[in-house]
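[1] What shape does this take:
(chains A, B, C and D)
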Protein chains: 2
Amino acid sequence: MTEQRADDEHVEVLLARLRRSGGRVTSARRALLASLLAADGHHLTAQDLAEAVQRAAPDVHLSTVYRALDSLEEKGIVAHTHLGHGRAVYHLADEPHQHLVCERCQAVVEVPADVFAELATTLEGAYGFVVGAHHFAVVGRCAACAGAQSEPAAGS
Amino acid sequence: MTEQRADDEHVEVLLARLRRSGGRVTSARRALLASLLAADGHHLTAQDLAEAVQRAAPDVHLSTVYRALDSLEEKGIVAHTHLGHGRAVYHLADEPHQHLVCERCQAVVEVPADVFAELATTLEGAYGFVVGAHHFAVVGRCAACAGAQSEPAAGS
DNA sequence: ATAATTGCAAAGTCTTTGCAGTTTG
DNA sequence: CAAACTGCAAAGACTTTGCAATTAT
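    Model prediction:
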């Protein structure tokens, strides 16, 4: 698959960015970015990522994943969001999108950032508040659950 | 202050609602609702609430606060939101508002729910997603921090 | 009475930290 | 070589749970 090749290149670009920012390129980080890229659109927890990374490099510890994510986030390469409850989910920072989280079935719907453009303008005008580009979650009911009447299947 | 009297009445109304839903009225719950009401607009964590409650009833345990909040939430009297990081904040469900959280200074700005009405309509039309009335947090930069360039003071 | 609630202590999740040993630039 | 990174184990913050005793209805 030529997609794999494209992804590999993308990883190298991100690593170059990391190095330029004073970070160091290690196999753990390479695997981490590859996993993030492969997930493409999925929302991965640190746990998920650790498992993915460990498929390629079994010795990488969960705490290393946390620290690598922190580091990558500091450099603006990765971003995280809290989708309800407690766990954070991570994604590459270069895919601007917002999340709609269903409070009942936990489904996550991604929405292109520009859907929020109008709201962002309003908020900035009225409150001087600048909406973050990658850190946004709206909780509600997805289409499938919107009709259901039972109480939320799980709290957010 | 006549305000105190109004609050007391409000607490009783909520307790009546609780009782009608099959819940039981206890001094812990009365104190909890009173604290929630007194906070009026502040965002209290379970910890905060426990401390407030304990000023009136020193024996109330943190876990009781958690359980009481769960119970009240189930009955639609209380709602919680996650403002970044992990901790949840609670408030009475009858004060519809949304939260803008500053990712840099952690300030919380409250916004009347209707500011989001247009977005809600859009999301429902395009995705069938029904935005929750009381469970919503937008992360970004508050007016004071919007200009600042340093990295976020604390992650959300 | 009897089902809900509570206090307390213990356990659980998710994340962070201290340290000594490795690796990268 | 110096600074950054890593593995591991231990600690931390926040929340949930099991149980026996208590209390509201």
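
[2] make it CA atoms for all contacts and neighbour counts henceforth
    Will do.

[3] can you pull the contacts of the spatially most central residue of chain A?
    Residue closest to the average C-alpha location in chain A (Cα atoms, centre = their mean): residue A:91, at 2.5 Å. Going by Cα atoms under 8 Å, 6 or more residues apart in numbering or on different chains, residue A:91 touches A:36, A:41, A:43, A:44, A:78, A:79, A:80.

[4] List the buried residues in the longest helix seen in chain A.
    Counting residues, the longest helix found in chain A (DSSP state H) is helix A:2-20. Residues of helix A:2-20 classed as buried: A:8, A:11, A:12, A:14, A:15, A:17, A:18 (neighbour count, 16 or more other Cα atoms under 10 Å in any protein chain shown).

[5] cool, stretch A:88-105 as well?
    Across stretch A:88-105, burial judged by 16+ other Cα under 10 Å covers A:88-93, A:96-105.

[6] re earlier: among the contacts of residue A:91, show me the least confident.
    Least confident entry in these, by pLDDT: residue A:41, with 70.

[7] Does that one lie in a helix or a strand, and which?
    Residue A:41 belongs to no helix or strand when assigned by DSSP states H and E.

[8] That one: neighbouring residues, count only.
    14 (other Cα atoms under 10 Å in any protein chain shown).

[9] Equivalent analysis for the one 5 residues further on, please.
    Here the number of neighbours of residue A:46 (other Cα under 10 Å) works out to 20.

[10] which residues touch it?
    A:62, A:65, A:66, A:88, A:89, A:90.

[11] from chain A, which residue is nearest to DNA strand D?
    Proximity of chain A to DNA strand D (Cα to the nearest atom of the strand) peaks at residue A:60, 3.0 Å away.

[12] Which of the three states applies to the residue nearest to that residue when sequence neighbours are not counted?
    Closest residue to residue A:60 apart from its sequence neighbours, by Cα to Cα, 6 or more residues apart in numbering or on different chains: residue A:54 at 6.1 Å. Secondary structure assignment for residue A:54 (DSSP: H, G, I helix; E, B strand; the rest coil): helix.

[13] Check the gap between residue A:54 and DNA strand C for me.
    As judged by Cα to the nearest atom of the strand, to the nearest Å, residue A:54 and DNA strand C stand 16 Å apart.

[14] residue boundaries of the helices in chain A?
    Under DSSP H, chain A gives helices at A:2-20, A:27-39, A:46-56, A:62-74, A:117-127, A:143-146.

[15] Which stretch among these approaches residue B:114 most closely?
    helix A:117-127 (11.3 Å; Cα to Cα).

[16] CA-only coordinates of that closest one in CSV, if you can.
    What follows is helix A:117-127 as a C-alpha-only set of coordinates in CSV (Å, rounded to 0.1, in the frame of the first residue of the first chain):
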residue,chain,number,x,y,z
ALA,A,117,-16.7,29.4,13.3
GLU,A,118,-19.8,31.4,13.9
LEU,A,119,-20.0,30.5,17.5
ALA,A,120,-16.3,31.3,17.9
THR,A,121,-16.9,34.8,16.4
THR,A,122,-19.8,35.4,18.7
LEU,A,123,-17.8,34.4,21.8
GLU,A,124,-14.9,36.4,20.9
GLY,A,125,-17.1,39.4,20.2
ALA,A,126,-19.1,39.2,23.3
TYR,A,127,-16.6,37.8,25.8
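
[17] And that helix, what does it pack against?
    With contacts taken as 3 or more Cα pairs under 8 Å, 6 or more residues apart in numbering or on different chains; DSSP states H and E, helix A:117-127 sits against strand A:130-141, helix B:117-127.

[18] got these as CSV, with mean neighbour count columns?
    As requested, those are arranged in CSV below (neighbours: other Cα atoms under 10 Å in any protein chain shown):
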stretch, mean neighbour count
strand A:130-141, 23
helix B:117-127, 15
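
[19] Serialize the ones you listed to JSON lines and add fields for distance to residue A:3 and mean pLDDT.
    Output for the helices and strands packed on helix A:117-127, formatted as JSON lines (distance: least, Cα to Cα, whole Å; pLDDT from 0 to 100):
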{"stretch": "strand A:130-141", "distance to residue A:3": "25", "mean pLDDT": "73"}
{"stretch": "helix B:117-127", "distance to residue A:3": "29", "mean pLDDT": "87"}
